[in-house]
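Undergrad: Please work out how this folds:
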Amino acid sequence: MVRLAISPRLRTSPYYEATLAAGMTDATIYNHMVMPTSYGDPAAEYHRLLEAVAVWDVACERQVEVVGADAARLVQYLCSRDLSTLQVGQARYVALCDHDGRLINDPVLLRLGEARFWLSLADSDVLLWVKAVAEESGFDVAVSEPDASPLAVQGPLAEDVVATLVGDWVRDLRYFWFGQHDLDGIPLLVARSGWSKQGGFELYLLDETRGTDLWDAVMEAGAPHGIGPGAPNHVERVESGLLSYGTDTYPDSNPFEAGLGRYVDVDVDVEFIGKAALRRIAAEGPRRTLTGLLVEGVVDSSQPLDRSIAVHAGDTVVGRLSAMVRSPRLGRTIALAQVETARLGDELRIPDGRMVVPTALPFV
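TA: The predicted structure is shown next:
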């Protein structure tokens with residue numbers, strides 16, 4: 001067993017003590033923070049997400065706040081999606097690229113005001129990127145990391161739990177919309193969102209000193225519904241075809257290769273970083289494709305791989321398998337991989353000799 005050493009160099013979340021008390025057994029590092037990945041019973045955590053409700057510490061999903069006269073203009077310059085119709089109280093999934101069209105993050109963008117935005121991040125140092133772009137290009141903005149720590153409530157009974165907690169107004173909240181709420185002095189931003197296909201909410205805690213209070217309130221509201229602790233679920237995310245930036249992507253992957261082409265607007269009259277490169281890639285077609293794979297045989301695993309696995313066509317490496325699990329819903333082994341687009345019709349195998357067959361995402 002490998003033990004993770006906690007030090008001041010690594011941040012813990014406002015929910016850290018609560019997750020320890022709840023029995024956290026496994027963790028990883030995400031955005032320089034400790035992120036729980038299991039509480040010791042992966043099968044129960046999976047079924048809880050699919051059949052009831054789970055609470056996840058995802059405070060490592062850090063925010064970059066952009067505020068000021070040029071905030072809307074800077075955010076559009078950073079994002080490869082047309083944001084002209086984004087309203088206050090609405091969020092959108094976006095792709096951030098460098099000047100060569102390489103994907104550097106796939107955050108959720110939230111518009112909190114006419115001139116105030118948050119980028120809710122995947123695992124990369126986007127705060128540094130946004131600060132540099134803003135300064136070098138002369139945008140009139142302030143860029144910072146706000147005191148905002150998401151706690152996810154996910155699963156088919158999540159709406160009942162969150163409605164008990166903050167009121168029935170959340171039942172009318174549309175997907176990727178949010179509102180603010182004061183929960184007995186705990187300031188929250190409540191969004192219908194989350195990294196699963198089972199439905200749910202993210203409660204952005206706006207006072208890091210109240211983490212245990214919020215955790216306990218969610219657990220109390222969820223007790224009649226069978227709530228329990230969990231984490232972004234690896235098996236469910238593979239079944240659902242959800243992209244894990246940095247896991248399912250190469251350092252030089254572009255959004256089209258990562259399955260995010262529908263979030264790239266190269267034919268609209270807005271300027272953004274990487275637009276020329278992305279327009280060229282869109283015209284030529286992506287060199288690689290993120291695909292599902294049906295895998296021969298059985299793998300008894302619900303955990304992430306410790307390294308990627310080469311995908312071969314004959315003696316040639318044509319891709320990289322980044323996740324492989326046994327799917328309870330399909331009763332078979334499935335995987336995610338980026339494979340050279342031109343080789344998707346070939347006979348593909350992994351190094352142990354098993355055949356892998358490309359299939360459309362999501363699996364379920």
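Undergrad: quick one: low-confidence parts of the stretch 201-350 of the chain?
TA: Applying pLDDT under 70 to the stretch 201-350 of the chain flags no residue at all.
Undergrad: show me where it has strands.
TA: 228-230, 288-295, 309-313, 316-327, 332-340, 348-349 (DSSP state E, counting those that start in this stretch).
Undergrad: which residues sit against the first one?
TA: Looking back up the chat, that one is strand 228-230. Strand 228-230 has contacts (C-beta atoms under 8 Å, 6 or more residues apart in numbering) with 19, 22-24, 36, 39, 44-45, 48-49, 52, 54-56, 154. Where C-beta positions appear, they are placed from N, C-alpha and C, glycine not excepted.
Undergrad: What of the fourth one?
TA: Contact with strand 316-327 is made by 234-235, 238-239, 244, 247-248, 250, 288, 293, 295, 298-302, 304-305, 308-312, 332-340, 343, 346, 348, 350, 356, 363-364, as judged by C-beta under 8 Å, 6+ apart.
Undergrad: One more pass at 6 Å, please.
TA: With contacts defined as C-beta atoms under 6 Å, 6 or more residues apart in numbering, strand 316-327 is touched by 235, 238-239, 247-248, 299, 301-302, 308-311, 333-340, 343.
Undergrad: Would you mind writing the ChimeraX command to select the buried ones in these?
TA: The following ChimeraX line selects those of the contacts of strand 316-327 that are buried, judged by 16 or more other C-beta atoms under 10 Å:
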select :235,238,239,247,248,302,308,309,311,333,334,335,336,337,338,339,340,343
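Undergrad: before we move on, the earlier item: narrow the contacts of strand 228-230 to just the buried residues.
TA: Judged by 16+ other C-beta under 10 Å, buried ones among those: 19, 22, 24, 36, 39, 45, 48-49, 52, 54-56, 154.
Undergrad: What is the burial count for A134?
TA: For A134, the neighbour count with other C-beta atoms under 10 Å is 21.
Undergrad: my guess is it meets V141, correct?
TA: Yes. With contact defined as C-beta atoms under 6 Å, A134 counts as touching V141 (5.3 Å).
Undergrad: Mutual contacts of these two, please.
TA: Common neighbours of A134 and V141 (C-beta under 6 Å, 6+ apart) are L74.
Undergrad: Where do the helices of the stretch 201-350 of the chain begin and end?
TA: 211-222, 234-239, 275-284 (DSSP state H, counting those that start in this stretch).
Undergrad: Between the ones you listed, which one is closest to F117.
TA: Among the helices of the stretch 201-350 of the chain, the nearest to F117 by C-beta to C-beta is helix 275-284 (19.5 Å).
Undergrad: helices or strands up against the closest one?
TA: For helix 275-284, the contact count by 3 or more C-beta pairs under 6 Å, 6 or more residues apart in numbering; DSSP states H and E identifies no helix or strand as a packing neighbour.
Undergrad: who touches it?
TA: The contact list for helix 275-284, computed with C-beta under 6 Å, 6+ apart, reads D100, G101, N254, F256, V264, V266.
Undergrad: Specify which member of those is nearest to E208.
TA: V264 (34.7 Å).
Undergrad: For G228, see how far away the closest one is.
TA: V264 sits at a distance of 38 Å from G228 (criterion: C-beta to C-beta, to the nearest Å).
Undergrad: who has more neighbours, these two?
TA: Comparing V264 with G228 by other C-beta under 10 Å, the one with more neighbours is V264, at 26 against 20.
Undergrad: Thanks a lot, see you next time.
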